[in-house]
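[1] 3D model of this:
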Amino acid sequence: MLSTVARAGAFAVAVTVSTAGLAAAHTPYDGRWTLSITTTSGACDPSYTFPVEINNGAVSFPGLVKAKGRVSRKGGVQVSVSVPGKWASGAGRLTPASGSGRWVGKAGESRCTGTWTAQKI
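    Residues are numbered from 1 along each chain as shown. Here you go, the predicted model:
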């Protein structure tokens, strides 16, 4: 039930529409990333990996209408996603090449938590 949100949101941290390329990156974090999430508690998928993109510090998620995220100049990242009856949010830190953090989510009365890691492609 929460697996859809966990996949999309955890990010969490999450996760974007892939583009043909970024000719001129506006931040050191801009570009394509691979996001891996791991559930540490709750009834969500144990792990999932998907692509993410950051453009001018904005994090976007493929196929999700209600998703938003931002990377600060110092690499702090916050992301949230929602679909009817489900949500997830996460936070952490990126370097120009990798990152990690934590996420929480809820579907109905079920709550999950976990960690995420990201690698720039």
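
[2] Beta-bridge partners for Trp33, please?
    When assigned by DSSP bridges, Trp33 has beta-bridge partners Val52, Lys120.

[3] right, and it touches Ala118 too?
    Yes: counting by Cβ atoms under 8 Å, Ala118 is a contact partner of Trp33 at 4.9 Å. All C-beta spots, glycine's among them, are computed from the backbone N, C-alpha and C.

[4] what is in contact with these two at once?
    Overlap of the contact sets of Trp33 and Ala118 (by Cβ atoms under 8 Å, 6 or more residues apart in numbering) consists of Val52, Gly99.

[5] Need phi/psi at Glu109.
    phi -100, psi 0 (degrees, to the nearest 10).

[6] again with Asp45
    Per degrees, to the nearest 10, the backbone of Asp45 is at phi -50, psi 140.

[7] What about it, how many residues nearby?
    When neighbours are counted by other Cβ atoms under 10 Å, Asp45 registers 16.

[8] Where does the prediction get shaky in the protein?
    Low-confidence segments of the chain (pLDDT under 70): 1-25, 63-65.

[9] Spatially nearest residue to Ala91 (excluding sequence neighbours)?
    The spatially closest residue to Ala91, leaving aside those adjacent along the chain, is Gln78, at 4.9 Å (Cβ to Cβ, 6 or more residues apart in numbering).

[10] And Arg102, by the same measure?
    Sequence neighbours aside, Thr115 is the residue nearest to Arg102 in space, at 5.6 Å (criterion: Cβ to Cβ, 6+ apart).

[11] you'd agree Ala88 is up against Gly69?
    No: the criterion here is Cβ under 8 Å, and Ala88 misses it with Gly69 at 11.3 Å.
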